[in-house]
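no sequence on this one, just coordinates:
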């Protein structure tokens, strides 16, 4: 059984924040979060409304992040996904460790924590569990826990993934047509039915000094986009116009993050959102993102119809696995 250092286990024994978690002053959420009364409204889009396509494209260009309601994903499917996630993190540490990520294999799947230091020598206040849910050829059910009951069954993960695939098609269609492309252009450009859906559970336990640390440091997602379900504990923040803004909890909404691959394919017309996660002093924050990614060998670059003499390509075409390697290892793109 692999040994996993867990923020969850560490948090239960702390009265003060260890120095390796204390961020530099320019990153501390207590000092850098916008607290004015005139914060701009982060878009909340009704997917059943006639103007939803235009609003999705506008939000992707302006914010890189938006929330969707009336999205067609049943509340029961979301609730079941959250139930098994909460129950997994309630298991004894030794049980969770059975599913530990094997960093030496180079694979992203499994249970782990953010206790690796970043470039500034800091650690993040989070544990996580990753695994693929589609396509079938990339799913390893041995990674999926046998407890809690229901985790491996369709209603908790595979059924939820089917809803994610339908929503992904609709979002890609809206984003494609707003660029003057065929409605199926993005879906096909990113791999079509071979698109990879990677499910993650983020766990941010209560923190003795939350104003000094972060659950996840500022970053953009390397995916095409990410569909995130939060619980009701505030934590997600987005950077815009020089400020960090809270993404307020909207019951029954899904949060959509535009990722690097859509920015690349759109030749910069849509923006990957810079975001980070804060933590709470008294309550556990959890979130359930699904990352929608091209297959590893798939090449992504600016769409040929969006490259002209007046708008030359701003990004290099790369296999997704090579892009991921460069980003994870902070190498030149």
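That came through, no problem. Everything quoted here is computed from the prediction, not taken from an experiment.

what is the mean pLDDT for stretch 109-121?
Mean per-residue pLDDT for stretch 109-121: 74.

so that it lines up with my notes, have the first residue be 870 from now on.
With 870 as the first residue, the last one maps to stretch 978-990.

for it, how far is the first residue from the last?
One end of stretch 978-990 to the other measures 24 Å (Cα to Cα, to the nearest Å).

low-confidence stretches in the protein?
The model of the chain has pLDDT under 70 over residues 870-873, 972-976, 984-989, 1022-1024.

show me where it has helices.
For the chain, the helices defined by DSSP state H occupy 876-880, 898-901, 921-931, 944-958, 962-965, 1028-1047, 1054-1058, 1129-1134, 1189-1197.

quick one: residue 1130 from residue 1069, how far?
17 Å (Cβ to Cβ, to the nearest Å). C-betas here are computed from N, CA, C, even on glycine.

neighbour count for these two, which is higher?
When residue 1130 and residue 1069 are compared for neighbours, residue 1130 comes out ahead with 27 against 18, by other Cβ atoms under 10 Å.

the more buried one and residue 1005: what is the separation?
For residue 1130 relative to residue 1005 (Cβ to Cβ), the value is 22 Å.

repeat for residue 1098
23 Å.

how about residue 908?
Distance from residue 908 to residue 1005, by Cβ to Cβ: 43 Å.

these two - which one has more neighbours?
residue 908 (13 against 8).

you'd agree the more buried one is up against residue 1114?
Yes: using Cβ atoms under 8 Å as the test, residue 908 is close enough to residue 1114 to be in contact (5.5 Å).

mind listing the shared neighbours of these two?
Listed as contacting both residue 908 and residue 1114 by Cβ atoms under 8 Å, 6 or more residues apart in numbering is no residue at all.

my read is that residue 896 contacts residue 1081, right?
No: contact between residue 896 and residue 1081 fails when scored by Cβ under 8 Å: they sit 9.4 Å apart.

look at these two and report which has more neighbours.
Legend: neighbour count by other Cβ under 10 Å for residue 896 and residue 1081, higher for residue 1081 (21 against 18).

residues contacting the more buried one?
Going by Cβ under 8 Å, 6+ apart, residue 1081 touches 886, 890-892, 897, 899.

what ranges do the strands span in the protein?
Here the chain has its strands, by DSSP state E, at 913-915, 934-938, 979-982, 996-1003, 1065-1073, 1085-1088, 1094-1099, 1105-1109, 1112-1115, 1123-1127, 1144-1146, 1154-1162, 1168-1169, 1187-1188.
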